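Engineer: Could you look at this predicted model? Sequence included:
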Amino acid sequence: MSLEPLLLLPGLMCDARLFWHQIIAFSAERPVQVAPLTSGSSIEEMTEDVLQTAPPVFALAGHWLGGLVAMEILRRAPERVARIALIDVSPLPEPPQVAALRDPRIVRARSGKLAEAMLDEVPPAALAPGPGRTDVQAMMLEMAEALGPEVFFRQSRALMRRPDQQRALRNTRVRGLLLCGEHDTICPPRRHEFLAELMPHASFRLIRNAGHLSPLEQPEAVTAALQDWLNAPYLLK
(Lines give C-alpha, C1' and ligand atoms only; values in the text may rest on other atoms or scores of the structure.)
Protein backbone atom coordinates (compact mmCIF):
# COMPACT_ATOMS: atom_id res chain seq x y z
CA MET A 1 0.00 0.00 0.00
CA SER A 2 1.38 3.41 -1.00
CA LEU A 3 1.84 6.02 1.71
CA GLU A 4 -0.08 9.26 1.57
CA PRO A 5 1.89 12.33 0.40
CA LEU A 6 3.27 14.71 3.00
CA LEU A 7 2.35 18.37 2.49
CA LEU A 8 4.58 20.86 4.35
CA LEU A 9 3.58 24.48 4.96
CA PRO A 10 6.44 26.84 5.98
CA GLY A 11 6.21 29.50 8.66
CA LEU A 12 6.42 33.28 8.38
CA MET A 13 9.02 34.31 5.77
CA CYS A 14 10.32 30.76 5.48
CA ASP A 15 10.68 28.60 2.39
CA ALA A 16 11.42 24.91 1.82
CA ARG A 17 14.77 25.27 3.58
CA LEU A 18 12.91 25.31 6.91
CA PHE A 19 12.08 21.63 6.29
CA TRP A 20 15.33 20.54 4.64
CA HIS A 21 15.88 17.62 7.00
CA GLN A 22 12.30 16.37 6.77
CA ILE A 23 12.32 16.61 2.96
CA ILE A 24 15.46 14.48 2.76
CA ALA A 25 14.24 11.99 5.36
CA PHE A 26 10.72 11.43 4.06
CA SER A 27 11.07 11.79 0.28
CA ALA A 28 12.62 8.31 0.09
CA GLU A 29 9.38 6.74 1.31
CA ARG A 30 6.56 9.02 0.12
CA PRO A 31 5.89 12.09 -2.05
CA VAL A 32 6.78 15.31 -0.22
CA GLN A 33 5.41 18.67 -1.33
CA VAL A 34 6.18 22.12 0.11
CA ALA A 35 3.51 24.73 -0.58
CA PRO A 36 4.71 28.36 -0.69
CA LEU A 37 2.49 30.81 1.20
CA THR A 38 3.47 33.87 -0.82
CA SER A 39 0.50 35.01 -2.89
CA GLY A 40 -2.42 35.58 -0.51
CA SER A 41 -2.90 38.27 2.11
CA SER A 42 -5.23 36.26 4.34
CA ILE A 43 -5.27 32.77 5.79
CA GLU A 44 -8.34 32.02 3.66
CA GLU A 45 -6.66 33.09 0.40
CA MET A 46 -3.54 31.10 1.20
CA THR A 47 -5.69 28.06 1.95
CA GLU A 48 -7.42 28.32 -1.43
CA ASP A 49 -4.05 28.47 -3.19
CA VAL A 50 -2.71 25.44 -1.33
CA LEU A 51 -5.81 23.31 -1.94
CA GLN A 52 -5.67 23.97 -5.69
CA THR A 53 -2.29 22.24 -6.02
CA ALA A 54 -2.41 19.77 -3.11
CA PRO A 55 -2.87 16.01 -3.60
CA PRO A 56 -6.39 14.63 -3.15
CA VAL A 57 -5.52 13.27 0.32
CA PHE A 58 -2.39 14.09 2.31
CA ALA A 59 -0.64 14.18 5.66
CA LEU A 60 -0.37 17.85 6.61
CA ALA A 61 2.31 19.59 8.67
CA GLY A 62 2.61 23.33 9.16
CA HIS A 63 4.91 25.66 11.10
CA TRP A 64 3.55 28.94 12.57
CA LEU A 65 1.88 30.73 9.61
CA GLY A 66 1.84 27.39 7.81
CA GLY A 67 0.16 25.87 10.86
CA LEU A 68 -2.58 28.50 10.67
CA VAL A 69 -3.18 27.60 7.03
CA ALA A 70 -3.14 23.90 8.00
CA MET A 71 -5.91 24.55 10.54
CA GLU A 72 -7.99 26.33 7.92
CA ILE A 73 -7.45 23.44 5.48
CA LEU A 74 -8.63 21.06 8.20
CA ARG A 75 -11.72 23.20 8.78
CA ARG A 76 -12.54 23.65 5.11
CA ALA A 77 -11.57 20.27 3.62
CA PRO A 78 -11.33 17.72 6.45
CA GLU A 79 -11.90 14.81 4.06
CA ARG A 80 -8.54 15.55 2.38
CA VAL A 81 -6.44 15.55 5.57
CA ALA A 82 -5.23 12.09 6.64
CA ARG A 83 -3.39 13.43 9.72
CA ILE A 84 -2.16 16.84 10.91
CA ALA A 85 0.96 18.12 12.68
CA LEU A 86 1.19 21.68 14.01
CA ILE A 87 4.61 23.11 14.88
CA ASP A 88 5.26 26.24 16.96
CA VAL A 89 1.78 27.62 16.39
CA SER A 90 -1.27 29.21 18.04
CA PRO A 91 -4.95 28.79 17.07
CA LEU A 92 -5.96 32.11 18.65
CA PRO A 93 -6.65 35.42 16.88
CA GLU A 94 -3.86 37.97 17.07
CA PRO A 95 -4.01 40.06 20.27
CA PRO A 96 -4.45 43.81 19.52
CA GLN A 97 -1.19 44.70 21.26
CA VAL A 98 0.72 42.30 18.99
CA ALA A 99 -1.12 43.43 15.85
CA ALA A 100 -0.19 47.04 16.64
CA LEU A 101 3.48 46.16 16.27
CA ARG A 102 3.09 44.85 12.73
CA ASP A 103 2.54 48.09 10.82
CA PRO A 104 5.88 49.61 11.97
CA ARG A 105 7.62 46.37 10.97
CA ILE A 106 5.98 46.47 7.54
CA VAL A 107 7.18 50.07 7.07
CA ARG A 108 10.71 49.03 8.00
CA ALA A 109 10.63 46.02 5.68
CA ARG A 110 9.46 48.16 2.76
CA SER A 111 12.15 50.77 3.44
CA GLY A 112 15.01 48.32 3.03
CA LYS A 113 15.19 47.09 6.62
CA LEU A 114 13.63 43.66 6.24
CA ALA A 115 16.34 42.04 8.38
CA GLU A 116 15.56 44.43 11.24
CA ALA A 117 11.85 43.66 10.93
CA MET A 118 12.53 39.92 11.03
CA LEU A 119 14.76 40.21 14.10
CA ASP A 120 11.89 42.02 15.82
CA GLU A 121 9.49 39.34 14.63
CA VAL A 122 11.67 36.45 15.82
CA PRO A 123 14.06 37.93 18.41
CA PRO A 124 17.04 35.99 19.75
CA ALA A 125 15.15 35.21 22.95
CA ALA A 126 12.61 33.18 20.92
CA LEU A 127 15.36 30.78 19.85
CA ALA A 128 17.34 28.30 21.90
CA PRO A 129 20.50 29.69 23.47
CA GLY A 130 23.86 28.36 22.39
CA PRO A 131 26.33 28.51 19.51
CA GLY A 132 23.79 27.33 16.94
CA ARG A 133 21.55 30.36 17.36
CA THR A 134 23.64 32.55 15.03
CA ASP A 135 23.41 30.02 12.18
CA VAL A 136 19.65 29.66 12.63
CA GLN A 137 19.20 33.43 12.54
CA ALA A 138 21.35 33.65 9.42
CA MET A 139 19.20 31.07 7.65
CA MET A 140 16.03 32.87 8.77
CA LEU A 141 17.30 36.12 7.28
CA GLU A 142 18.40 34.40 4.06
CA MET A 143 14.93 32.93 3.57
CA ALA A 144 13.29 36.28 4.34
CA GLU A 145 15.55 38.11 1.89
CA ALA A 146 14.71 35.58 -0.83
CA LEU A 147 10.97 36.15 -0.32
CA GLY A 148 11.18 39.93 -0.03
CA PRO A 149 9.28 42.79 1.64
CA GLU A 150 6.00 42.39 -0.26
CA VAL A 151 5.63 38.79 0.94
CA PHE A 152 6.40 40.06 4.45
CA PHE A 153 3.57 42.57 4.03
CA ARG A 154 1.06 39.95 2.84
CA GLN A 155 2.01 37.38 5.45
CA SER A 156 1.91 39.99 8.23
CA ARG A 157 -1.58 41.00 7.15
CA ALA A 158 -2.65 37.36 7.22
CA LEU A 159 -1.35 36.99 10.78
CA MET A 160 -3.15 40.14 11.88
CA ARG A 161 -6.51 38.96 10.54
CA ARG A 162 -6.26 35.28 11.34
CA PRO A 163 -9.40 33.52 12.60
CA ASP A 164 -9.91 31.63 15.84
CA GLN A 165 -9.47 27.94 14.98
CA GLN A 166 -10.24 26.34 18.33
CA ARG A 167 -13.59 24.95 17.16
CA ALA A 168 -12.02 23.36 14.08
CA LEU A 169 -9.38 21.68 16.22
CA ARG A 170 -11.95 20.49 18.75
CA ASN A 171 -13.78 18.76 15.89
CA THR A 172 -10.67 17.04 14.50
CA ARG A 173 -11.23 13.40 13.56
CA VAL A 174 -7.68 12.53 12.50
CA ARG A 175 -4.45 11.86 14.36
CA GLY A 176 -2.79 15.09 15.47
CA LEU A 177 0.68 16.04 16.67
CA LEU A 178 1.70 19.24 18.44
CA LEU A 179 5.41 20.11 18.39
CA CYS A 180 7.01 23.05 20.17
CA GLY A 181 10.53 24.14 20.97
CA GLU A 182 11.04 24.49 24.71
CA HIS A 183 12.40 28.05 24.32
CA ASP A 184 9.63 29.31 21.99
CA THR A 185 8.36 32.58 23.47
CA ILE A 186 6.16 33.43 20.47
CA CYS A 187 4.00 30.29 20.69
CA PRO A 188 4.99 28.80 24.05
CA PRO A 189 4.86 25.11 24.98
CA ARG A 190 1.92 25.48 27.35
CA ARG A 191 -0.27 26.58 24.45
CA HIS A 192 0.60 23.40 22.56
CA GLU A 193 -0.22 21.28 25.60
CA PHE A 194 -3.62 22.98 25.64
CA LEU A 195 -4.12 22.21 21.95
CA ALA A 196 -3.23 18.56 22.50
CA GLU A 197 -5.93 18.44 25.17
CA LEU A 198 -8.39 20.29 22.92
CA MET A 199 -7.95 17.95 19.95
CA PRO A 200 -9.54 14.50 20.46
CA HIS A 201 -6.68 12.41 19.01
CA ALA A 202 -3.55 14.53 19.44
CA SER A 203 -0.28 14.19 21.33
CA PHE A 204 2.30 16.78 22.36
CA ARG A 205 6.07 16.55 21.95
CA LEU A 206 8.42 19.12 23.44
CA ILE A 207 11.52 19.70 21.34
CA ARG A 208 14.44 20.22 23.70
CA ASN A 209 17.13 22.81 22.94
CA ALA A 210 14.92 24.49 20.35
CA GLY A 211 12.85 27.65 20.11
CA HIS A 212 10.39 29.06 17.58
CA LEU A 213 12.28 27.66 14.57
CA SER A 214 12.49 24.11 15.87
CA PRO A 215 12.75 22.41 12.42
CA LEU A 216 16.00 24.36 11.87
CA GLU A 217 17.25 24.26 15.45
CA GLN A 218 16.71 20.53 16.10
CA PRO A 219 16.00 18.98 12.69
CA GLU A 220 16.66 15.38 13.76
CA ALA A 221 14.32 15.60 16.75
CA VAL A 222 11.54 17.15 14.66
CA THR A 223 11.98 14.48 11.99
CA ALA A 224 11.85 11.71 14.60
CA ALA A 225 8.62 13.08 16.08
CA LEU A 226 7.05 13.42 12.63
CA GLN A 227 8.16 9.90 11.72
CA ASP A 228 6.34 8.49 14.75
CA TRP A 229 3.26 10.49 13.76
CA LEU A 230 3.41 9.29 10.16
CA ASN A 231 3.92 5.67 11.23
CA ALA A 232 0.96 5.65 13.64
CA PRO A 233 -2.14 3.84 12.41
CA TYR A 234 -4.99 5.69 10.76
CA LEU A 235 -8.01 6.66 12.80
CA LEU A 236 -11.45 5.78 11.51
CA LYS A 237 -13.27 9.04 10.79
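Structural biologist: Structure's in. What do you need?

Engineer: Next, count neighbours for residue 118.
Structural biologist: 22 (other Cβ atoms under 10 Å). Backbone N, C-alpha and C define where each C-beta goes, glycine included.

Engineer: what sits against the residue nearest the centre of the chain?
Structural biologist: Centroid-nearest residue in the chain: residue 63, 1.1 Å away (criterion: Cα atoms, centre = their mean). Applying Cβ atoms under 8 Å, 6 or more residues apart in numbering to residue 63 gives the contacts 9, 10, 11, 14, 18, 19, 87, 88, 89, 214, 215.

Engineer: Any idea what it is bridged to?
Structural biologist: residue 87 (DSSP bridges).

Engineer: Which of the contacts of residue 63 fall within strands?
Structural biologist: Among those, the members falling in strands (DSSP state E) are 9, 87.

Engineer: If we only consider the contacts of residue 63, which is nearest to residue 3?
Structural biologist: Ranked by distance to residue 3 (Cβ to Cβ), these are led by residue 19 at 17.2 Å.

Engineer: surely residue 118 meets residue 141?
Structural biologist: Yes - look at residue 118 against residue 141 with Cβ atoms under 8 Å: they come within range, at 6.0 Å.

Engineer: circling back: most surrounded residue in the contacts of residue 63?
Structural biologist: residue 87 (33 neighbours).

Engineer: Redo the contacts of residue 63 as TSV? Include pLDDT and distance to residue 125.
Structural biologist: Shown next, in TSV, are these (pLDDT from 0 to 100; distance: Cβ to Cβ, whole Å):
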residue	pLDDT	distance to residue 125
9	98	25
10	98	22
11	98	17
14	98	19
18	98	20
19	98	24
87	98	19
88	97	14
89	96	19
214	98	15
215	98	19
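
Engineer: Tell me the one of the contacts of residue 63 nearest residue 232?
Structural biologist: After measuring the contacts of residue 63 against residue 232 - Cβ to Cβ - the closest member comes out as residue 87, at 16.7 Å.

Engineer: Show the contacting residues for that closest one.
Structural biologist: Per Cβ under 8 Å, 6+ apart, neighbours of residue 87: 11, 61, 62, 63, 64, 67, 179, 180, 214, 215, 222.

Engineer: how about a cut-off of 10 Å?
Structural biologist: The contact partners of residue 87, by Cβ atoms under 10 Å, 6 or more residues apart in numbering, come to 8-9, 11, 18-19, 61-64, 66-67, 70, 177-181, 184, 187, 192, 205, 207, 212-215, 222, 225-226.

Engineer: what do you get for residue 57?
Structural biologist: Per Cβ under 10 Å, 6+ apart, neighbours of residue 57: 4, 5, 7, 77, 79, 80, 81, 82.

Engineer: Got a PyMOL select line for the buried ones in these?
Structural biologist: Buried residues among the contacts of residue 57 (16 or more other Cβ atoms under 10 Å), as a PyMOL selection:
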select buried, resi 4+5+7+80+81+82
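
Engineer: In TSV, list the contacts of residue 57 along with pLDDT.
Structural biologist: Conversion of the contacts of residue 57 to TSV gives the following (pLDDT from 0 to 100):
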residue	pLDDT
4	94
5	98
7	98
77	97
79	96
80	97
81	97
82	96
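
Engineer: Tell me the one of the contacts of residue 57 nearest residue 159?
Structural biologist: Residue 159 lies nearest to residue 7 out of the contacts of residue 57, by Cβ to Cβ, at 20.5 Å.

Engineer: Does that closest one touch residue 34 like I think?
Structural biologist: Yes - counting by Cβ atoms under 10 Å, residue 34 is a contact partner of residue 7 at 8.0 Å.
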